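Asks: Could you work out the structure for the sequence below:
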Amino acid sequence: MIIQIKSEDYMRAFGESLGKLLYGGEFIELIGDVGAGKTTFVKGLAVGLGVDEQVQSPSFTINRVYNGRDNIILSHYDFYRLENAGIIENELEEVIKDAKTVVVVEWPGAVKKALPTDRLSISINAQTENSRELTINSGGTISDRLVECIGLL
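Replies: Sure, this is the predicted structure:
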């Protein structure tokens, strides 16, 4: 599935719409260059999950955790600075098993072995300074449901 995003506000709105569809146990992989809009998407996703805190990029901390509605946890990882995740990969494997946690990973290359098959993969490609093209793929029952719902947005 391909979606055209025309602005930063639209990227946030798309993330928020998707966040409202989540109930925990989902895994989202974000692929895109620096400045593509990955964290902007997560900011919207957090709003849709009912997160009250301001979402910040985890580029330097690797992981940020936020509490959302209905006891859902948003666990946002950014592996940009890592070539090998080491022990963090073990942490990620544990977090993925939590049915109340939504896991979002930016720059997933360092943890490829830990990525679940059932994941929503969103590739973000800059078209212009403000517009983006999202290529969305799914890999299992949970992510297939999300793609179907996205098609209805």
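
Asks: Can you name the residues that contact residue 51?
Replies: Residues in contact with residue 51 (CB atoms under 8 Å, 6 or more residues apart in numbering) are 66, 67, 68, 74. Glycine gets a C-beta too; all of them are placed from N, C-alpha and C.

Asks: Spell out for me which residue occupies the centre of the chain.
Replies: Centroid-nearest residue in the chain, with CA atoms, centre = their mean: residue 104, separated by 3.5 Å.

Asks: That one in helix, strand or coil?
Replies: strand (DSSP: H, G, I helix; E, B strand; the rest coil).

Asks: re earlier: for the contacts of residue 51, which entry has the maximal number of neighbours?
Replies: The residue in the contacts of residue 51 with the most neighbours, by other CB atoms under 10 Å, is residue 74 (25 neighbours).

Asks: Strand partners (parallel or antiparallel) of the helix or strand where that one lies?
Replies: For residue 74, the host element (DSSP states H and E) is strand 73-78. Strand pairing for strand 73-78, determined by DSSP bridges: strand 63-67 (antiparallel), strand 101-106 (parallel).

Asks: Output the contacts of residue 51 in CSV; the columns should cover pLDDT.
Replies: Output for the contacts of residue 51, formatted as CSV (pLDDT from 0 to 100):
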residue, pLDDT
66, 96
67, 97
68, 96
74, 97
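
Asks: So for the residue sitting furthest away from the middle of the chain, what pLDDT did the model give?
Replies: Relative to the C-alpha centroid of the chain, counting by CA atoms, centre = their mean, residue 128 is the outermost residue, at 22.0 Å. For residue 128, the model assigns a pLDDT of 90.

Asks: Also residue 59?
Replies: 63.

Asks: got it, and residue 151?
Replies: For residue 151, pLDDT reads 76.

Asks: so how far is the helix-or-strand element of the chain with minimal mean pLDDT from its chain's centroid?
Replies: Least confident helix or strand, the chain: helix 87-96 with a mean of 82, by mean pLDDT, DSSP states H and E. How far helix 87-96 lies from its chain's middle: 16 Å, per CA atoms, centre = their mean, to the nearest Å.

Asks: got the contact list for that helix?
Replies: For helix 87-96, using CB under 8 Å, 6+ apart, the contacting residues are 27, 62-63, 75, 77, 79, 82, 85, 101, 103, 105, 110-111, 113-114, 116.
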